[in-house]
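Student: Next come a sequence and a model predicted from it.
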Amino acid sequence: MNRIIREHYPAANLPEDLREGLDQNATVRVVVEVETLAPDSRSLFDVAMSAKPIKPEDIMELRRKLLADGRPSVSMEEAVARIRKLRDEWDD
């Protein structure tokens, strides 16, 4: 992966959209990385964390991959019970 790192870079030299909320006299650390993932090689995490909307075809492909992994599906009651158990841990 290609990466460019600039330490102690003047915030005033950043593009306007990146300067937003920064003191103009501040210095920053800038890391620029080139994304090289092909659309079909993205992990589920990569897809979930992407800022772009997911196309319906991609959602169906992700669903197919999940089911192919042999992950058991759960009933609505089981899902609700798991969520309640997690929620109740915070009440203790």
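Tutor: Sure thing, it's come through. Residues are numbered from 1 along each chain as shown.
Student: Run through this structure and note the low-pLDDT ranges.
Tutor: Low-confidence segments of the chain, defined by pLDDT under 70: 1, 36-42, 44, 47-48, 50-51, 92.
Student: try 50 this time
Tutor: By pLDDT under 50, the chain contains no weakly predicted segment.
Student: can you list the domains in it?
Tutor: For the chain, automatic domain parsing gives the domain ranges 1-36, 37-92.
Student: Would it be right to say that Leu86 lies in a strand?
Tutor: No. According to DSSP: H, G, I helix; E, B strand; the rest coil, Leu86 belongs to no strand; its state is helix.
Student: hang on, Ile5 is in a strand, isn't it?
Tutor: Yes. Assignment of Ile5 by three-state DSSP places it within a strand.
Student: does it really touch Arg29, like I thought?
Tutor: Yes. If you go by Cβ atoms under 8 Å, Ile5 and Arg29 touch, sitting 7.2 Å apart. Using the backbone N, CA and C atoms, a C-beta is placed for each residue, glycine as well.
Student: what is in contact with the two at once?
Tutor: Counting by Cβ atoms under 8 Å, 6 or more residues apart in numbering, Ile5 and Arg29 have no contacts in common.
Student: quick revisit: adding mean neighbour count, write the domains of the chain out as CSV.
Tutor: What follows is those, written out as CSV (neighbours: other Cβ atoms under 10 Å):
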stretch, mean neighbour count
domain 1-36, 10
domain 37-92, 9
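Student: Show me where this protein has its helices.
Tutor: For the chain, the helices defined by DSSP state H cover 16-19, 44-49, 56-68, 76-89.
Student: what's the spacing between the residue nearest to the spatial centre of the chain and Ser43?
Tutor: For the chain, the residue nearest the mean C-alpha position is Met49 (2.0 Å; Cα atoms, centre = their mean). Per Cβ to Cβ, to the nearest Å, Met49 is found 9 Å from Ser43.
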